[in-house]
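**Q** Quick one, structure for this:
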Amino acid sequence: MTYALYSELTAWYHLVDPAPDHADEAACYEAAFARGIQGPARTLLDLGSGAGNNASHLKRRFVCTLADLSPAMLDLSRARNPECEHVVGDLRTLRLGRTFDAVLLHDAVSYMTTEPDLRAAIETAWVHTRPGGAAIVTADVLADSFAERTDPLDGDDGVRALRGVMWQWDPDPDDTTYRVDFAFLLRERGDVRLVHDSHVEGMFARSTWIRLLTETGFAVEGVPRPIDEHETDEIFLCRRGV
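**A** Sure thing, here's the model as predicted:
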């Protein structure tokens, strides 16, 4: 499924998700990798890299390879991170034939809507993590604690302006998906248009994440991740034994 935010609306993406907003998140990842990796920590594979927002911070510490399914998003990342390698690939099937000290599986893993797809993405992280290396895997929502929420969107770069809302909700509590609906008002050169973009994402219990990660072979530790000044969630630091 193609989503407008990752295709025809990529010129507006920086207004929805600015790279500077990821500084604290990237610092959390860097600190977790420093604790989880045995030996050298020089190379990083970013699975589901999107616009390269996290990589724009992590590249100061790692030589980064960025993989994403959306060519349009990779174009944004190339402009921001020209020194990084970029690869078009599916989280479930990507095989680069090499391993990395660090692997980051984030954001795009939310679009794994079935347990087999989630397992496949985790296996991709595993096969690219060297023995003694570590992967960080993020679950943006957990079935255990899911709550409907609405967040405002607001951005202006002097040429384009965006106002909108992001609405996270669950139409069917008995399945493994939820929806994130975006309503965008986009203003450019005096014209304003309305765009609705509806995303279907996966939602699994924390126990399911832990089970799939450990069955793949990782030793898993929960790590707090800052969301804003007053809130954190949990990410998974996954060590691969030597």
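
**Q** which residue is nearest the centroid of the chain?
**A** D107 (1.8 Å; C-alpha atoms, centre = their mean).

**Q** burial of the residue lying closest to that one once chain neighbours are set aside, as a residue count?
**A** The spatial neighbour of D107 that comes closest, neighbours along the chain excluded (C-beta to C-beta, 6 or more residues apart in numbering), is G48 at 5.0 Å. Where C-beta positions appear, they are placed from N, C-alpha and C, glycine not excepted. By the criterion of other C-beta atoms under 10 Å, G48 has 25 neighbours.

**Q** Test my guess that G48 contacts L94.
**A** No - under the contact definition of C-beta atoms under 8 Å, G48 does not touch L94, with a separation of 10.0 Å.

**Q** which stretches of the protein have low pLDDT?
**A** Within the chain, the set of residues satisfying pLDDT under 70 is empty.

**Q** all helices of it, in order?
**A** Per DSSP state H, the chain carries helices over the ranges 13-16, 23-36, 55-58, 71-80, 115-128, 206-216.

**Q** Pull up the gap between the residue of the chain positioned farthest from its centre and A161, please.
**A** The C-alpha centroid of the chain is most remote from G190, which lies 33.4 Å away (C-alpha atoms, centre = their mean). Computed as C-beta to C-beta, to the nearest Å, the G190 to A161 distance reads 11 Å.

**Q** which residues do G48 and L94 both contact?
**A** Common neighbours of G48 and L94 are listed as A67 (criterion: C-beta atoms under 8 Å, 6 or more residues apart in numbering).

**Q** got the buried residues for stretch 193-212?
**A** 195, 197, 199, 201-204, 208-209, 212 (16 or more other C-beta atoms under 10 Å).

**Q** To what extent is the residue nearest to W169 when sequence neighbours are not counted buried, counted in neighbours?
**A** In space, and not counting its chain neighbours, W169 is closest to E148: 4.7 Å by C-beta to C-beta, 6+ apart. Residues lying near E148 (other C-beta under 10 Å) number 9.

**Q** and what of T124?
**A** Neighbours around T124, by other C-beta under 10 Å: 26.

**Q** pretty sure it contacts L96?
**A** No - assessed by C-beta under 8 Å, T124 is found out of contact with L96, at 9.5 Å.

**Q** I'd say R187 and A161 touch.
**A** Yes - with contact defined as C-beta under 8 Å, R187 reaches A161; the gap is 4.4 Å.
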